[in-house]
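> what's the 3D shape of this:
(chains A and B)
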Amino acid sequence: MLRGAADGAATVTANGATIGEVLRDLVRTYPGLAGQVLTEDGSLHRFVNVYVNDDDVRYLDKLDTKVADGDSVSILPAVAGG
Amino acid sequence: MLLLPPAVHAEIVAHCLGGLPDEACGLLAGDPATGSVTRCYPTRNLAGSAKLYTVDPREHLQADRDAEERGEQIIGVYHSHTHTEAYPSPTDVAQAPDPAWHYVVVSLRDTHPVVRSYRIVQGAVTEEPVIAGSR
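Predicted structure coming up:
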């Protein structure tokens, strides 16, 4: 679903010094992602997991987590049910 | 429809049985265009519950990367129902993450595990045939 909102791309490029900036940049490029990755008040959607390289940003600095040039940011939906 | 090789079917069932008394869950990789499953990625159920499942996001990340390296995609998820039928629960429907995915439910309620597959699109559940094969 995230891929569909990004015109079918599995890998895209985005700019930003922090995860928050990267995600906002992504949403600017792919407006279809609005509301799926960030909530209306700009925080990380709870049904999405974001990794910088191998680390979950929720265990780092969340949206303030710094990203460096070439870092790999992975955005995956939460997969759950009952 | 879901094209599921017998070996993968067996792996899914074994993982679900091995997860008892909790629900087990895992991801399916393959070709989204044809619904052909190449492999499954058994994952940890972070919820550790007989009624709920949460795919460990770290294992999801690894599976996603591995599939991509092989030129495949994650095309669905499987999970077990320990005491109910092989049909998506209201929670399954409400939390289905991707309308393009295949949702496999394995019921362990009776003597023999039952494996069924579904599409869940905007709250609508449609069963699809599971074909034992690969192409």
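
> Show me what whichever strand or helix holds B:Tyr118 pairs with in its sheet, parallel or antiparallel.
Here B:Tyr118 is covered by strand B:114-121, with elements defined by DSSP states H and E. Pairing partners of strand B:114-121, with direction, according to DSSP bridges: strand B:102-107 (antiparallel), strand B:124-128 (antiparallel).

> Tell me the backbone dihedrals of the residue of chain B at minimum distance from chain A, please.
Among the residues of chain B, B:Thr91 lies closest to chain A, at 3.3 Å counting by CB to the nearest CB. All C-beta atoms are positioned from the backbone trio N, CA, C, and that covers glycine. B:Thr91 adopts backbone torsions of phi -70, psi -40, taken as degrees, to the nearest 10.

> The residue positioned nearest the centre of chain B: what's its closest spatial neighbour, skipping adjacent residues?
Against the mean C-alpha coordinate of chain B, by CA atoms, centre = their mean, the closest residue is B:Tyr78 at 1.3 Å. Closest residue in space to B:Tyr78, ignoring its immediate chain neighbours: B:Val104 at 3.7 Å, by CB to CB, 6 or more residues apart in numbering or on different chains.

> How many residues are close by the one you found?
B:Val104 sits with 28 neighbouring residues when counted by other CB atoms under 10 Å in any protein chain shown.

> same thing with A:Ala14?
16.

> got a list of what the residue lying closest to A:Gly20 once chain neighbours are set aside touches?
In this structure, A:Gly20 finds its nearest non-sequential neighbour in A:Leu63, 3.5 Å apart by CB to CB, 6+ apart. For A:Leu63, the residues meeting the contact criterion (CB atoms under 8 Å, 6 or more residues apart in numbering or on different chains) are A:Thr18, A:Ile19, A:Gly20, A:Leu23, A:Gly42, A:Ser43, A:Leu44, A:Val57.

> now swap in A:Val73 and tell me
Shown here is A:Val73, whose contacts under the criterion CB under 8 Å, 6+ apart are A:Ala14, A:Ile19, A:Val22, A:Val50, A:Tyr51, A:Val52, A:Val67.

> make it 6 Å
Applying CB atoms under 6 Å, 6 or more residues apart in numbering or on different chains, we find A:Val73 in contact with A:Val22, A:Val52.

> Just grab the bridge partners of it for me.
The partner list for A:Val73 in beta bridges (DSSP bridges) reads A:Val52.

> Read off the pLDDT value for A:Asp7.
In the predicted model, A:Asp7 carries a pLDDT score of 67.

> A:Thr29 too?
Predicted confidence (pLDDT) for A:Thr29: 91.

> Buried among the contacts of A:Leu63? Need that as a selection in PyMOL.
Here is the PyMOL command that selects the buried residues among the contacts of A:Leu63 (16 or more other CB atoms under 10 Å in any protein chain shown):
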select buried, chain A and resi 18+19+20+23+44+57
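
> Need the three-state assignment for B:Glu23.
Per DSSP: H, G, I helix; E, B strand; the rest coil, the secondary structure class of B:Glu23 is coil.
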